[in-house]
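A.B. asks: structure for this input, please:
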Amino acid sequence: MRCARLVLVLACALAGACSAVDDFTAFRFVDDGGASDLFGVGGDLAGSVVGDPCNVGGCSDGLTCFGAVGNASFPGGLCSRPCGGGTSCPARSSCAQIDGTALCLQSCNPTVGIDCRAGWSCCDGQRVVLGPGLCAPSSSNFCGG
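C.D. replies: Predicted coordinates:
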């Protein structure tokens, strides 16, 4: 009798555990808009971030794709937005003057592994730096080029 009772209890326990796992309709992903989900700096799965490469019309989340500003060109495009005059930049970016236009640029710090994309350098507005700076095309006047 004890064995039959134990088998019945185990069968009920297993049946109860399985029914909780079967309800996949109640499961959903929620993006909190926080730090990058998969790709490190930039690349949040929710949309574009400042510094992402782009094609015309290829940015989201209030950012615009810039191919050039004044005499400065952005190889591969730049997702950004104008800043200054009370308009701040999104997280992990800061406002900088590029050929007379204030734009948000991606923050960088190669010393701690926060690098810029290929063909871009971490600069301080006068030269390439190894510490904190902003990502810009290596040949731009923002990087001293």
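A.B. asks: tell me where the model's unsure across the protein.
C.D. replies: Applying pLDDT under 70 to the chain picks out residues 1-46.
A.B. asks: so which residues of it form helices?
C.D. replies: For the chain, the helices defined by DSSP state H occupy 2-21.
A.B. asks: strands of that one, start to end?
C.D. replies: 64-69, 72-80, 93-98, 101-108, 120-123, 133-137 (DSSP state E).
A.B. asks: can you tell me which of the ones you listed is packed in deepest?
C.D. replies: Stretch with highest mean neighbour count among the strands of the chain: strand 133-137 (a mean of 26; mean count of other C-beta atoms under 10 Å). Placement of C-beta: from N, CA and C, glycine included.
A.B. asks: angle of it against strand 72-80?
C.D. replies: Orientation check (axes from the mean of the first three to the mean of the last three C-alpha atoms, to 10 degrees): strand 133-137 against strand 72-80 gives 120 degrees.
A.B. asks: what is the orientation angle of strand 133-137 with strand 93-98?
C.D. replies: Calculated by the same axes, to 10 degrees, strand 133-137 forms an angle of 50 degrees with strand 93-98.
A.B. asks: packing partners of strand 133-137?
C.D. replies: Where contact means 3 or more C-beta pairs under 8 Å, 6 or more residues apart in numbering; DSSP states H and E, strand 133-137 is packed against strand 72-80, strand 93-98, strand 101-108, strand 120-123.
A.B. asks: check which helices and strands the third one is in contact with.
C.D. replies: The contact analysis (3+ C-beta pairs under 8 Å, 6+ apart) places strand 101-108 against strand 64-69, strand 72-80, strand 93-98, strand 133-137.
A.B. asks: would TSV of the ones you listed with distance to residue 120 be doable?
C.D. replies: TSV is the format used below for the helices and strands packed on strand 101-108 (distance: least, C-beta to C-beta, whole Å):
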stretch	distance to residue 120
strand 64-69	13
strand 72-80	8
strand 93-98	13
strand 133-137	5
